[in-house]
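**Q** Fold the following, please.
(chains A, B and C)
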Amino acid sequence: MADDGHMPEGHTLYALARDLDTAFRGTSPVVSSPQGKFAEGAALVSGTEVLEATSWGKHLLVEFAGDRILWVHLGLIGTFTIDTTSYAGEMPVVGQVRCRFATDDHVADLRGPMVCDVVTPEKVDEILGRLGPDPLRPHDVRSDPDLAWKRIQRSSKPIAELLMDQAVLAGVGNVYRSEVLFRLRVNPFRPGDKLQRKTWRAIWEDLVALLPLGVATSKIVTVHEQVDEVARLLEEGEEVRLTERESYVYKRQGEACHVCGSRIRTQVVAGRNLFWCGNCQRRG
DNA sequence: GTTTAATGGGTAT
DNA sequence: TACCCCTTAAACT
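**A** Numbers count the residues shown, from 1 in each chain, chains lettered A, B, ... in the order given. Now for the predicted structure:
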């Protein structure tokens, strides 16, 4: 797995669900908890058929036969790696593996999740009901950006905080929020109820365009040159390989803004480090 | 060897 | 606002 495996924003979960679905759909893996903390849940689904693996925002759902769904949230530090191997039964356990799926040819190991539970379909409805639209599924009925706008419009919280609220929209995390606000030159501290609707629509459209590039590259691609390059390669059906991840503002505090040269600033907003250019993002 | 930071989020105060 | 959980690896001493 690429070193950006630790990137649990929506694009990571989307790609993970896709890969788990490819590796395990239609199989009945042995599910275990080498670490022990998930032993009971693992026993509930072990040996039953995987019907589908999907995601919504940062939530991963693996549906097993018998109305049992494995609900996983990676949190800040979780990882779920998939290995293809001919000796799956003998794959050594490395580190704290909360949950392992094993078939004859695949092993998937989950480490450090915030949530790992077996739940009912009703619980899944409740989980999904709490989440806002997901820009990775713009055509889904749940993904009407006006649902997010309604919440934004009636909140006096800064837009940088609202973008992190999964009830407003699902899947955006600390990197995408800083980067998308810079890309649109939006002041991160502008209250939701002072934001223009067209500004919100532009943020949404930008996320709809950006997140698939993250899925394709396993990296958060936001800088225009890279965005153009990756979009072109995807369109041409060519393999996309990126070695360096660049950003406009994320983790660039004290460095010169790529556009105006001002020093990039940082401040904790919604419990996490926000990065922005105080000059480029004065208005908006 | 110990401390810290990391792209999250729930709960208590 | 503070504190808690999850795990790993890099950055400290």
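**Q** how far out from the middle of the chain is the strand or helix carrying residue A:202?
**A** If you go by DSSP states H and E, residue A:202 is part of helix A:197-217. The chain centroid and the centroid of helix A:197-217 are separated by 13 Å under CA atoms, centre = their mean, to the nearest Å.
**Q** what's it in contact with?
**A** Residues from elsewhere that reach helix A:197-217 (CB atoms under 8 Å, 6 or more residues apart in numbering): A:9-12, A:14-15, A:18, A:135-136, A:138, A:145, A:148-149, A:152-153, A:163, A:169, A:171-172, A:176, A:179-181, A:183-184, A:186, A:220-222, A:227, A:230-231, A:234, A:240-242, A:284. Quick note: C-beta positions are derived from backbone N, CA and C, even for glycine.
**Q** Helices - which of those residues land there?
**A** A:10-12, A:14-15, A:18, A:145, A:148-149, A:152-153, A:176, A:179-181, A:183, A:227, A:230-231, A:234 (DSSP state H).
**Q** near DNA strand B too, which of these?
**A** For DNA strand B, the contacts drawn from the ones in helices among the contacts of helix A:197-217 by CB under 7 Å from any atom of the strand are residue A:12.
**Q** Can you say which of the ones in helices among the contacts of helix A:197-217 are buried?
**A** Buried residues within those, defined by neighbour count using 16 or more other CB atoms under 10 Å: A:10-12, A:14-15, A:145, A:148-149, A:152, A:176, A:179-181, A:183, A:227, A:230-231, A:234.
**Q** and DNA strand C, which of those reach it?
**A** Answer for those near DNA strand C: none qualify (CB under 7 Å from any atom of the strand).
**Q** Break down chain A into its strands, ranges please.
**A** In chain A, the strands defined using DSSP state E lie at A:30-32, A:50-56, A:59-64, A:68-73, A:79-84, A:97-102, A:106-111, A:115-119, A:264-269, A:272-277.
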